[in-house]
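Engineer: Got a predicted model here, sequence first, then my questions.
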Amino acid sequence: MKVSKKVAGVEYAIRDIVSAAREIEKQGKIVDYLNIGDPVQFGFQPPENVKRALINAVNDGNNFYTQSEGLPELLDAIAKKENSKGLSISSEHVLVTNGVSEGLDMIISSIVEDGDEVLLPGPYYPPYASYVRLHGGKPIEFEVDLETSQPNIDDLKSKISSKTVAICLITPNNPTGSIFNEKSLKEIVDIANEHDLYIICDEIYDKIVFDEKFTGIGKVSGDAPVILLNGFSKVHLMSGWRIGYIVFNDSPKLDSIRENLPKLARVRISTNLPVQYAALESLRGPQDYITNFVTELKKRRDYVISRLNSMNNISCSNPKGAFYAFPKIENNRFESDKEFVLELLKQKNVLTVHGSGFGTKYGNGHFRIVYLPNMGILESSMNKIEDFVR
Ligand SMILES: Cc1ncc(COP(=O)(O)O)c(C=O)c1O
């Protein structure tokens, strides 16, 4: 039976590569998984008060379909959080989703038609390109300097065409950890305003920041057509519970999408109600678990980056946020970065992700490491990678 070309073309390198690791495990070997950016799989858990809020919601009978837009108290709490980062919106500008992933799908399907172009920061989190292609569009990468962490604005401008409909930003970024500063964000907002382009900004790592204060897009949005994506999988350690949200800036240019996109939320009825109570508690309750998590991650980042930079033929910029390192392979003697990653897996049983899975233009020649595992595992994985590149 046939399937659509659109769906056959969907790729997700981070998970697609796992089948190769399963083959190694079948040979009785133990694989170090440094591929999935899920803190909860590496020993970090939501705090007790958040778990209790979920259990209480179930026990209190909150097990029904809820409003498609989301639980009103949660919408309020989200509006408050995003306003504290710089936006000026009300709870009516918020829509709760089954993760940022669903929010992204809803946005892209609402704005992209066949042949439309969407600008993505190179390298980017793969679902951005997948959803654009799935909905008939074309992802176009613009350059981001990994050393300065800033976008190349001239390059971005040169890639705008009559078909461009949106500019996507991911800050802090997956896979590079780069964070756009206020000046870059402002410049991009001005460009979007001038050309009537949507800005879709993913801030799912907004509190996982190590060296400098984080500036959110809200701070410079004014009344530009900015759509923010955020969620609870990373900072709030609720990945498996699948919850995120969309926030529309208060912009007249967004009137049409604000009217139409919620239809998609109604079609899928609602998101998980008990989890919405847990998300509410994670925003309202004590926030010290986030500080502890980030302090621990910073140690792991410092260790991994220093080890990588001491290896022959590897160089790595310092990620400013999130939990990924994106080293460059110098003098790669394998055919491609994917071949490098597969050989590393075969010879040393360490699973990473090839950089070209995050965009062939700027991701090429790199690989991505998740530094969420504990120091013991990180040390042994770094030893294996060092041995391999030697
Ligand atoms: C930039 C970015 N956005 C979104 C997601 C997925 O978010 P969610 O779990 O809310 O669907 C990820 C997960 O790795 C990510 O790195």
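Structural biologist: Right, received. Where do you want to start? Numbering: from 1, shown residues only.
Engineer: Let me see the domain layout of the protein.
Structural biologist: 5-45+288-389, 64-284 (automatic domain parsing).
Engineer: The residue of the chain found nearest the ligand - how many residues pack around it?
Structural biologist: Proximity of the chain to the ligand (CB to the nearest ligand atom) peaks at residue 99, 2.7 Å away. The way it works is simple: take the backbone N, C-alpha and C, and place the C-beta from them, glycine included. Other residues within reach of residue 99, judged by other CB atoms under 10 Å, total 21.
Engineer: Could you verify my assumption that it touches residue 242?
Structural biologist: Yes - between residue 99 and residue 242 there is a contact at 4.8 Å, judged by CB atoms under 8 Å.
Engineer: Now do the shared contacts for these two.
Structural biologist: Common contacts of residue 99 and residue 242, defined by CB atoms under 8 Å, 6 or more residues apart in numbering, comprise residue 233.
Engineer: In which helix or strand does the closest residue to residue 324 other than its chain neighbours reside?
Structural biologist: Computed as CB to CB, 6 or more residues apart in numbering, the closest residue to residue 324 that is not its neighbour in sequence is residue 175, at 4.9 Å. Assigned by DSSP states H and E, residue 175 belongs to neither a helix nor a strand.
Engineer: give the contact list for residue 175.
Structural biologist: Here residue 175 is in contact with 123, 125, 324, 326, 353, 355, 358, 363, 366, 368 (CB under 8 Å, 6+ apart).
Engineer: let's see 7 Å
Structural biologist: 123, 324, 326, 358, 368 (CB atoms under 7 Å, 6 or more residues apart in numbering).
Engineer: That one and residue 281, how far apart?
Structural biologist: Distance of residue 175 to residue 281, given as CB to CB, to the nearest Å: 31 Å.
Engineer: got the residue ranges for the strands in the stretch 251-390 of the chain?
Structural biologist: 314-315, 324-325, 328-329, 350-351, 353-354, 367-370 (DSSP state E, counting those that start in this stretch).
Engineer: any chance of those strands in CSV, plus mean neighbour count?
Structural biologist: CSV is the format used below for the strands of the stretch 251-390 of the chain (neighbours: other CB atoms under 10 Å):
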stretch, mean neighbour count
strand 314-315, 16
strand 324-325, 26
strand 328-329, 20
strand 350-351, 23
strand 353-354, 28
strand 367-370, 27
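Engineer: got the residues of the stretch 51-200 of the chain near the ligand?
Structural biologist: 99-101, 125, 170, 174 (CB under 6 Å from any ligand atom).
Engineer: give the contact list for the residue nearest to residue 298 when sequence neighbours are not counted.
Structural biologist: Leaving aside its chain neighbours, residue 298 sits nearest to residue 210 (4.8 Å; criterion: CB to CB, 6+ apart). Applying CB under 7 Å, 6+ apart, we find residue 210 in contact with 298, 301, 320-321.
Engineer: buried subset of these?
Structural biologist: Buried residues within the contacts of residue 210, defined by neighbour count using 16 or more other CB atoms under 10 Å: 301, 320-321.
Engineer: Out of those, list just those in helices.
Structural biologist: Taking DSSP state H, the ones among the buried ones among the contacts of residue 210 that sit in helices are residue 301.
Engineer: ok, the buried ones among the contacts of residue 210 vs residue 36, which is closest?
Structural biologist: Proximity of the buried ones among the contacts of residue 210 to residue 36 (CB to CB) peaks at residue 301, which lies at 17.2 Å.
Engineer: Now for the closest one: which residues touch it?
Structural biologist: 210, 319, 371.
Engineer: Quick one, grab the pLDDT at residue 357.
Structural biologist: On pLDDT, residue 357 comes in at 95.
Engineer: can you pull the contacts of it?
Structural biologist: Contacts for residue 357 (CB under 7 Å, 6+ apart) come out as 13-14, 126, 363.
Engineer: same thing with residue 283?
Structural biologist: Contacts of residue 283 by CB under 7 Å, 6+ apart are 77, 81.
Engineer: same check, this time on residue 321
Structural biologist: 172, 177, 179, 205, 208-210.
Engineer: these two touch, right, residue 234 and residue 208?
Structural biologist: Yes - judged on CB atoms under 7 Å, residue 234 makes contact with residue 208 at a distance of 6.3 Å.
Engineer: Can you show me the helices along the stretch 151-300 of the chain?
Structural biologist: 153-158, 182-195, 255-267, 273-284, 288-309 (DSSP state H, counting those that start in this stretch).
Engineer: Figure out which of those is closest to residue 386.
Structural biologist: helix 288-309 (7.2 Å).
Engineer: what's the angle between that closest one and helix 273-284?
Structural biologist: 80 degrees (axes from the mean of the first three to the mean of the last three CA atoms, to 10 degrees).
Engineer: if I look at residue 85, how far off is residue 99?
Structural biologist: Using CB to CB, we find residue 85 at a distance of 20 Å from residue 99.
Engineer: For this protein, give me the ranges with low pLDDT.
Structural biologist: By pLDDT under 70, the chain has no low-scoring segment.
Engineer: For the residue nearest in space to the middle of it, what are phi and psi?
Structural biologist: What sits nearest the mean C-alpha location of the chain, by CA atoms, centre = their mean, is residue 174, with 5.3 Å. Backbone torsions of residue 174, given as degrees, to the nearest 10, read phi -110, psi 120.
Engineer: Quick check, it in contact with residue 322.
Structural biologist: Yes - using CB under 7 Å, residue 174 is in contact with residue 322, at 5.6 Å.
Engineer: hang on, the earlier thing: ranking the helices of the stretch 151-300 of the chain by burial, who's on top?
Structural biologist: Mean neighbour count (mean count of other CB atoms under 10 Å) peaks for helix 273-284 among the helices of the stretch 151-300 of the chain, with a mean of 22.
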